[in-house]
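Participant: can't give you the sequence, but here's the structure:
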């Protein structure tokens, strides 16, 4: 199993809007690619900067090929929608992990 983790720091003034958008649109779009079998979303409870809050969005894939195909075929357009909607209101970094 592979875990594609996206940690997002979002400005508090758009936190609820972002969270709703993620649940209603972005995560369903990611899951509709068929590259992931499950997802989870967590709120980070430590290391918060003033004015922002962080979340971990985790997507689970059966194979590394699924993750690679997602990055190549689907991620650019989906990430652009996120950037366009919440420009200058978020920072994000991605981590890919392999279950042992």
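Facilitator: Looks like it came in fine. This is a predicted model, so every value here is computed, not measured. Numbers count the residues shown, from 1 in each chain.
Participant: In this protein, where's the longest helix?
Facilitator: Among all segments of the chain classified by DSSP state H, the helix with the greatest residue count is helix 75-85.
Participant: Mind listing what's buried along that helix?
Facilitator: Within helix 75-85, the residues that count as buried by 16 or more other Cβ atoms under 10 Å are 75, 82. Every residue, glycine included, has its C-beta placed from N, CA and C.
Participant: Outside of that helix itself, list whatever touches it.
Facilitator: Residues from elsewhere that reach helix 75-85 (Cβ atoms under 8 Å, 6 or more residues apart in numbering): 21, 26, 29-30, 90, 92.
Participant: could those residues go into CSV alongside secondary structure and neighbour count?
Facilitator: Listed next are the contacts of helix 75-85 as CSV, based on DSSP: H, G, I helix; E, B strand; the rest coil; neighbours: other Cβ atoms under 10 Å:
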residue, secondary structure, neighbour count
21, helix, 16
26, helix, 18
29, helix, 13
30, helix, 20
90, strand, 19
92, strand, 16
